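>>> Provided below are the primary sequence and the corresponding predicted coordinates.
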Amino acid sequence: MKFVCLNCETYMNFEKVEKPGEGSLGVFFGCPSCGAKFSMVTNPGETQMVSSLGVQLGGRSAQAQPFEMTRGTLKEEAQAGSGQMAAYLNEKIHGGQPVSAPSAPGKTGDKAGGGCPFSAMVAEMGLTSGGKPANGGTGNPEFTWTPDAKEKLDRLPAFVKPMVQSSVEAFAGKHGYQTITLQVMDDSKNDSPNGMSWTPEAQQRLDNIPDFIRPMARKEIERLAKERGAATITAQVMDDAKDKFMKFM
Amino acid sequence: MPQEKDLKTILSRLRYTDDAKVVAQITEQMKQVQARMAGIKHKLVIMSGKGGVGKSMTTVNLALALARQQARVGLLDVDLNGPCVPRMLGLHGRSLTMTPEGAVPPVGPLGVKVASMDFFLDAASPVRWKGPMDVSPVWLGLMEMNVIREFLADVVWGELDYLLADLPPGAAADKPPVIAGFIPDLAGAIVVTTPSEVASDVVQKSVTYARDMGIKVLGIVENMSEYRCPSCGELNELFEGNTEAMCEALDLPLLGRIPFDRTLARTFDKGKPLLDEAYPTIQRYQDIAGRIRTLLDYKRVLAEQL
């Protein structure tokens, strides 16, 4: 934070910090041109903000001790209880009276009673409370799922199904398929989000490495291919990748 | 009436100086974190969007498993408000030793070094901060991030092969991914879930968010996969989920499955962890640790096997 002396049109210099009271800092500035003095006094929140940064205004005179801020800010058992800011706010807002419990929430659908403060915004965005498009729908009508493919999709857990469905449909759309078969589902698994395709030989070589490394390997090889402007992962790209990884040994 | 001065014009003529030395001190803090982390080969975070899935149990056992494989291991318990790692490793009541070089962590079973907020607290005390944090999560968030910064900057870990950070629960724009982003040269995140669909749903979100933050997610550990009967040792399913399907959808490897093991859990509860490598559940942690090591060394594997 800086202050400007508008008379002299220059920044005021930071001069010193004092502690006029508990939870408060007095930060002094002076104009280097006209000598005007100015002091900013922080409230407990602002003081805490500075303290939480683990810095000392004006710089440190001694090196920080290990865990200086943690140890200095942890409240001792005897100090436990409501904080000073809470007490201050309680005094100002509630006149020192205990805060009454919030009124019981309205029943589901009780719009007039308040309800979710974001419900109007959500409605405006055309979303349901679950965050899904309000028009719902079970899938893209452009595609027909064969019964066996649909059955395989339906066997997936509910939380995974939408992700898999949209990914298979995106693959089908990209390749011009209108009917989604088991084969299309299997092929979509090998489809790369980078738009890369794999030759059978390259795929076979990828399948030879341990399964838990395969996703990372796929990404690395596709990154290499992309760097070299290739759209298809061939045996040659695999050889190049192998050479590249040999350099790390 | 004096003419109002145009601040934009005035500022364009002035040169900013950091005479309160705030920026300089924050830069110095970041350098200190970098310097302290430089002696650690692999830094990993263990995270999950969902609470109660067994992150700490997984982290502690992976740390022990890596230590059994002759690695030098540190364990940072970043769950400031619910630290439990020291108790699980029989270190509750110990503390960091403050020296001019920094805070020296106590050493637990198999030589694992541990740092935790628990070392600053009395037996039953929760974490309470001085100041107005009780009315503002904004101040609290800032405070906690700087406490974590001190854990990263001030603990004298020395040379380590692995530092495992046990993150608090949280799925998105709250602390865990931000904390992970705080660790320089982070090798990646291990995500813990249970087969429960509720847990998997939240975990999935945390993976997406972590990736958005540029954190490499290495794989998923399924905890509480089954229940190992303490009488006959038979395994039975606890939940009806499908972590494999989730892994496939997220394009992540399933690093392993850990059963809910009452016998093992009780030893950690009492702070006297079972360390027998031949014990079946511990063997599973050993396998997962081996896979993590391979994943971190994947370039060598690809050079040899591609």
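Looks like it came in fine.
>>> Find the residue ranges of the chain scoring beneath the pLDDT cut-off.
I went with chain A, as the question did not name one. Low-confidence segments of chain A, defined by pLDDT under 70: A:76-140, A:159, A:190-194, A:249.
>>> let's do chain B instead
For chain B, residues meeting the criterion pLDDT under 70 lie at B:1-4, B:131-137, B:170-177.
>>> all helices of it, in order?
Here chain B has its helices, by DSSP state H, at B:7-13, B:22-37, B:55-68, B:85-88, B:137-154, B:175-182, B:197-212, B:243-250, B:262-269, B:280-296, B:298-305.
>>> my guess is B:Ala189 meets B:Ala210, correct?
Yes. Applying Cβ atoms under 8 Å, one finds B:Ala189 in contact with B:Ala210, separated by 5.6 Å. Placement of C-beta: from N, CA and C, glycine included.
>>> coming back round to it: in JSON lines: the helices of chain B, plus distance to chain A and mean neighbour count.
Below are those laid out as JSON lines (distance: least, Cβ to the nearest Cβ, whole Å; neighbours: other Cβ atoms under 10 Å in any protein chain shown):
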{"stretch": "helix B:7-13", "distance to chain A": "5", "mean neighbour count": "10"}
{"stretch": "helix B:22-37", "distance to chain A": "4", "mean neighbour count": "15"}
{"stretch": "helix B:55-68", "distance to chain A": "15", "mean neighbour count": "25"}
{"stretch": "helix B:85-88", "distance to chain A": "16", "mean neighbour count": "24"}
{"stretch": "helix B:137-154", "distance to chain A": "4", "mean neighbour count": "20"}
{"stretch": "helix B:175-182", "distance to chain A": "13", "mean neighbour count": "21"}
{"stretch": "helix B:197-212", "distance to chain A": "4", "mean neighbour count": "20"}
{"stretch": "helix B:243-250", "distance to chain A": "5", "mean neighbour count": "21"}
{"stretch": "helix B:262-269", "distance to chain A": "24", "mean neighbour count": "16"}
{"stretch": "helix B:280-296", "distance to chain A": "5", "mean neighbour count": "19"}
{"stretch": "helix B:298-305", "distance to chain A": "4", "mean neighbour count": "17"}
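>>> Identify whichever of those lies nearest to B:Glu222.
Distance to B:Glu222, taken as Cβ to Cβ, is lowest for helix B:243-250 among these, at 4.4 Å.
>>> I'd like to know which elements that closest one is packed against.
Helix B:243-250 sits against helix A:161-174, helix B:197-212, strand B:217-228, strand B:254-261, with contacts defined as 3 or more Cβ pairs under 8 Å, 6 or more residues apart in numbering or on different chains; DSSP states H and E.
>>> could you check the angle strand B:217-228 makes with the second one?
Compare the direction of helix B:197-212 with that of strand B:217-228 by axes from the mean of the first three to the mean of the last three Cα atoms, to 10 degrees and you get 160 degrees.
>>> so which of the helices and strands packed on helix B:243-250 comes closest to B:Thr59?
Closest to B:Thr59 of the helices and strands packed on helix B:243-250 is strand B:217-228 (Cβ to Cβ; 9.9 Å).
>>> what helices or strands is the closest one leaning on?
helix B:55-68, strand B:186-193, helix B:197-212, strand B:235-237, helix B:243-250, strand B:254-261, helix B:280-296.
>>> isn't A:Phe248 right up against B:Ala303?
Yes. Here A:Phe248 reaches B:Ala303: they are 6.8 Å apart, a contact under Cβ under 8 Å.
>>> thinking again about what came up before, figure out which of the helices and strands packed on helix B:243-250 is closest to B:Trp157.
Of all the helices and strands packed on helix B:243-250, strand B:217-228 sits nearest to B:Trp157, with 21.0 Å by Cβ to Cβ.
>>> Tell me the gap between the closest one and the middle of its chain.
16 Å (Cα atoms, centre = their mean, to the nearest Å).
>>> repeat for stretch A:55-66
From the chain centre to the centre of stretch A:55-66 is a distance of 32 Å (Cα atoms, centre = their mean).
>>> Quickly note the distance from the nearest residue to B:Tyr279 once chain neighbours are set aside to B:Arg228.
Sequence neighbours aside, B:Leu264 is the residue nearest to B:Tyr279 in space, at 7.1 Å (criterion: Cβ to Cβ, 6 or more residues apart in numbering or on different chains). Counting by Cβ to Cβ, to the nearest Å, the gap from B:Leu264 to B:Arg228 is 8 Å.
>>> Find residues that contact each of those two.
Common contacts of B:Leu264 and B:Arg228 (Cβ atoms under 8 Å, 6 or more residues apart in numbering or on different chains): B:Thr281.
>>> what's next to the host helix or strand of A:Asp239, contact-wise?
According to DSSP states H and E, A:Asp239 maps onto helix A:235-246. For helix A:235-246, the external contacting residues (Cβ under 8 Å, 6+ apart) are A:199, A:201-202, A:205-206, A:220-221, A:224-225, A:228, A:230, B:299-300, B:302-303, B:306.
>>> quick check, distance from it to the centre of its chain.
35 Å.
>>> Just the buried residues of that helix, please?
Residues A:Val237, A:Met238, A:Asp240, A:Ala241, A:Lys242, A:Lys244, A:Phe245 are the ones in helix A:235-246 that count as buried (16 or more other Cβ atoms under 10 Å in any protein chain shown).
>>> cool, and stretch A:156-174?
A:Leu156, A:Pro157, A:Phe159, A:Val160, A:Met163, A:Val164, A:Gln165, A:Ser167, A:Val168, A:Glu169, A:Phe171, A:Ala172.
>>> Am I right that the second one sits in a strand?
It stands for A:Pro157. No. Assigned with DSSP: H, G, I helix; E, B strand; the rest coil, A:Pro157 falls outside any strand and is coil.
>>> Can you give me the distance of it to B:Ala245?
6 Å.
>>> same check, this time on the fourth one
A:Val160 sits 5 Å away from B:Ala245, going by Cβ to Cβ.
>>> show me what contacts the closest residue to B:Gly54 other than its chain neighbours?
Excluding the flanking residues, the one nearest B:Gly54 by Cβ to Cβ, 6+ apart is B:Asn223, at 4.0 Å. By Cβ under 8 Å, 6+ apart, B:Asn223 lies in contact with B:Val53, B:Gly54, B:Met57, B:Thr58, B:Val192, B:Thr193, B:Thr194, B:Ile258, B:Phe260.
>>> Dump those residues to TSV, plus distance to A:Gln48.
Listed next are those as TSV, based on distance: Cβ to Cβ, whole Å:
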residue	distance to A:Gln48
B:Val53	33
B:Gly54	35
B:Met57	35
B:Thr58	35
B:Val192	34
B:Thr193	36
B:Thr194	38
B:Ile258	41
B:Phe260	42
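>>> now, which of these sits nearest chain A?
B:Thr193 (11.4 Å; Cβ to the nearest Cβ).
>>> Skip the chain neighbours and tell me the closest residue to the closest one.
Distances taken as Cβ to Cβ, 6+ apart place B:Val203 nearest to B:Thr193, at 4.2 Å, with adjacent residues excluded.
>>> can you list the domains in chain A?
Residue ranges for the domains of chain A, per automatic domain parsing: A:1-56, A:144-189, A:197-246.
>>> chain center to the longest one: distance?
Remark: domain A:1-56 is offset 34 Å from the chain centroid, using Cα atoms, centre = their mean.
>>> Mind checking if it is in reach of chain B?
Yes. Domain A:1-56 comes into contact with chain B (Cβ under 8 Å from any Cβ of the partner chain), by way of A:1-2, A:4, A:6, A:9-11, A:13-14, A:23, A:27, A:44-45, A:47-49, A:51-56.
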